[in-house]
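Student: Following is a predicted model, sequence given first.
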Amino acid sequence: MTQTSHNIMSIAAEKILLSKSISVAQYRALESVQDRVGIARFVEARFTERYVRPLSIEQTAKSGFAMMALACLMIEALEAFWRGWSTSQMRGADIFRGFFERNEQFAIFSPHAPEFYKNIRCGLLGNPPIFNRG
């Protein structure tokens with residue numbers, strides 16, 4: 001790849017939208033000045049666009065499968081943020097246990113986190129559970 005084509009790709013990447021209103025370049029600007037309020041607004045908008053708004057459609061068009069799949073993805077993202085992880089991969093049932101324990105309205109599910117992860121999350125998203133073999 002030539003330097004010119006690399007520069008063109010870098011410029012194009014900066015224009016990619018991370019949410020409907022925030023580009024990569026805009027997010028990097030928020031980050032560089034440590035605008036915590038701006039970053040929080042961006043995260044809220046992105047979560048709303050990805051996880052909440054799709055569930056706000058007309059009642060007759062809702063899908064229980066889609067709702068549970070989105071809920072699982074949102075729980076994973078929220079728990080990764082809470083714990084400061086850069087990824088939720090290879091965390092398994094710990095993600096759901098932590099989320100359930102920390103949120104009173106879901107605490108009743110905490111003892112069932114391994115089964116929830118294996119049978120619901122992995123079942124819905126088509127990922128076989130990863131077990132620690134060490």
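Tutor: Received it, and whenever you're ready, just let me know what you need.

Student: Show me what stretch 101-108 is in contact with.
Tutor: Residues from elsewhere that reach stretch 101-108, judged by CB atoms under 8 Å, 6 or more residues apart in numbering: 82, 99, 100, 110. Quick note: C-beta positions are derived from backbone N, CA and C, even for glycine.

Student: Let's see the ChimeraX selection covering just the buried ones among those.
Tutor: A single ChimeraX command selects the buried members of the contacts of stretch 101-108 (16 or more other CB atoms under 10 Å):
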select :99,100,110
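
Student: Of the contacts of stretch 101-108, just say which sits nearest to residue 17.
Tutor: Lowest distance from residue 17 to the contacts of stretch 101-108 (CB to CB) belongs to residue 82, with 25.7 Å.

Student: Please report the distance of the most centrally placed residue in the chain from residue 23.
Tutor: Nearest residue to the geometric centre of the chain (CA atoms, centre = their mean): residue 77, 3.4 Å. Distance of residue 77 to residue 23, computed by CB to CB, to the nearest Å: 20 Å.
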